[in-house]
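Engineer: take this sequence and fold it.
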Amino acid sequence: MSNTIDIGSRRELFVDRLLVESLEGVAFKLHTPQLAPPMTAHFSGHYMTVLKNGDTYRAYYRQVDPSFKGEQYDGHQGELTCCAESRNGIDWQLPELGICDVGGSRRNNVILRQPPFSHNFAPFVDSSPSADPEARYKALAGTHTSEIGHSGLYAFGSPDGLHWEMLHKKAVVTSQGFAFDSQNVSFWSTAEGRYVCYFRSWDPKIQLRTISRTTSADFLSWTEPVPMNPNLPGEHLYTSQTHPYFRAPHIYVALPTRFLPDRGSSTDILFMVTRAGTERYERLFTEAFIPPGLDPQRWGNRSNYAACGVVPTSPTEMSLYHGPAGHRYTLRTDGFVSIRAGFAVGTLTTRPFTFAGEELTLNVATSAGGSVRVELRDEASRPLPGRSLAEADEIVGDRIEQRVTWKGDGDVSTCAGRPVRLHAVMREADLYSLAFGVASRGPAGS
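Structural biologist: Numbers count the residues shown, from 1 in each chain. Predicted coordinates:
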């Protein structure tokens, strides 16, 4: 039992090796985000954060006052934090909020003009059950060249995500190293029961820009930062964009920018994950997730930053955003990575795990000629009676929630709480995620 993984009723994505014991004739596949049609009310800006709170989407991003004529450095006087709004994450508006005076007018969507904090203001919705309603939204911001005399990240709170106040007069996250001149992200982790922050740091041992992690019980007092160092040799990483995935908040998705100073300071966007409570990232793939592409403007320094926040934009689609370009990209729900089988039959076998629930659902897609069959096994890899391959109903189709059955029966409640393995036989298919939960009582595939 010591090596058994307890997944409870959590959704598990195949974005790391946690559940996988063996792959034969199948492999992990990184999927490419698809560029969506141009958004209405086009907006763009560096260090963007996209949040979904109920039926409201907000995009926070940095702009510069067009009338500002001074020197532009990190945290300069002309930097602004702006906010766009949407009801679906696709059609956006730039509301006239009346909060900040810019060029003699308050008819704008600026929410913060407070140097140096508008440089990298990174909000989140605080889902902590003990969060003060006056600080239901929180943010960290600050640089290593703070104009108020202290290097570090400062805490902000807001009741509505638009009107912000500093929560403490001093920096709450500090570092002795050169750090913070990036988008430094934080959130309340329901899985860890505390606040977590991932910030840009400099590790003198590896001489690279990297990522460190710190945690807090109250958002003001933070633990000693731990360098996570997911870098490959010679690889600088900016904006980690680490945040809980909305369908599996114990899995933190990361979309860091890779900076290559020896290639004209060009950049691209990677995909990584880390799990709640861990101090390491896993990188199944070391190649670019979003390359610069055909646009010459994206082949330079500071030209490729993903927004922090992957959000659902339909029951079958999720969206991520490219701040500097003002683009939206889409992926299938859960569709970062799959276990893929080609024309030849292949198999996936998991490590032993325990679960809580009555039925198993898969996020799965097959071709017209493809299929998936699932067997549940005991810890010693012996098929469970009534849940063997010989009894498995063939899965053919493309569904986000595909119920698994054996001779029409999907009830797995008698297996709950004891170690099992999942063994899948696949052909021309992609398996993205699995979850155990309450029985839907509907037909297979509903």
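
Engineer: bridging residues for the residue most central in space within the chain?
Structural biologist: Central residue of the chain (Cα atoms, centre = their mean): Val253, 3.1 Å from the mean position. Applying DSSP bridges to Val253 gives these bridge partners: His243, Val273.

Engineer: show me the domain layout of this protein.
Structural biologist: Listed domain ranges for the chain are 5-31+338-437, 34-333 (source: automatic domain parsing).

Engineer: dump these to JSON lines, plus mean pLDDT.
Structural biologist: Output for the domains of the chain, formatted as JSON lines (pLDDT from 0 to 100):
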{"stretch": "domain 5-31+338-437", "mean pLDDT": "98"}
{"stretch": "domain 34-333", "mean pLDDT": "94"}
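
Engineer: residues contacting the residue nearest to the centre of the chain?
Structural biologist: With contact taken as Cβ atoms under 8 Å, 6 or more residues apart in numbering, Val253 is in contact with Val15, Gln241, Thr242, His243, Pro244, Tyr245, Phe271, Val273, Val310, Phe336. C-beta: built from backbone N, CA, C; applies to glycine.

Engineer: excluding covalently adjacent residues, which one is nearest to the fifth one?
Structural biologist: The shortest distance from Pro244 to any residue other than its chain neighbours is 5.6 Å, reached at Tyr252 (Cβ to Cβ, 6 or more residues apart in numbering).

Engineer: from memory Arg340 sits against Asp430, does it?
Structural biologist: Yes. Using Cβ atoms under 8 Å, Arg340 is in contact with Asp430, at 5.2 Å.

Engineer: which of the two has more neighbours?
Structural biologist: Taking neighbours as other Cβ atoms under 10 Å, Arg340 and Asp430 compare with Asp430 leading, 24 against 21.

Engineer: so where does that one fall, helix or strand?
Structural biologist: strand 420-437 (DSSP states H and E).

Engineer: off-centre distance for that strand?
Structural biologist: Per Cα atoms, centre = their mean, to the nearest Å, the displacement of strand 420-437 from the mean C-alpha position of its chain is 22 Å.

Engineer: SS state for Arg302?
Structural biologist: coil (DSSP: H, G, I helix; E, B strand; the rest coil).

Engineer: quick check: it touching Gly323?
Structural biologist: No. Taking contacts as Cβ under 8 Å, Arg302 lies outside contact range of Gly323: 10.2 Å.

Engineer: between these two, what contacts are shared?
Structural biologist: Counting by Cβ under 8 Å, 6+ apart, the residues touching both Arg302 and Gly323 are His46.

Engineer: okay, and the common contacts of Arg340 and Asp430?
Structural biologist: Lys29.

Engineer: all strands of the stretch 301-446 of the chain, in order?
Structural biologist: Listed in chain order, the strands of the stretch 301-446 of the chain (DSSP state E, counting those that start in this stretch) span 311-314, 317-322, 327-332, 337-341, 346-350, 353-355, 359-378, 398-403, 420-437.

Engineer: CA atoms of the last one as CSV?
Structural biologist: C-alpha atoms of strand 420-437 as CSV (Å, rounded to 0.1, in the frame of the first residue of the first chain):
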residue,chain,number,x,y,z
VAL,A,420,-6.7,-1.0,-8.3
ARG,A,421,-4.9,-0.4,-11.6
LEU,A,422,-6.4,0.9,-14.9
HIS,A,423,-5.3,-0.9,-18.0
ALA,A,424,-6.4,0.6,-21.3
VAL,A,425,-6.0,-1.0,-24.8
MET,A,426,-6.1,1.8,-27.4
ARG,A,427,-6.0,2.3,-31.2
GLU,A,428,-6.1,5.6,-33.0
ALA,A,429,-7.1,7.4,-29.8
ASP,A,430,-6.2,10.1,-27.3
LEU,A,431,-6.8,9.8,-23.6
TYR,A,432,-6.7,13.2,-21.8
SER,A,433,-8.0,12.6,-18.3
LEU,A,434,-9.9,10.3,-16.0
ALA,A,435,-12.2,10.8,-12.9
PHE,A,436,-14.2,8.8,-10.6
GLY,A,437,-17.5,10.2,-9.3
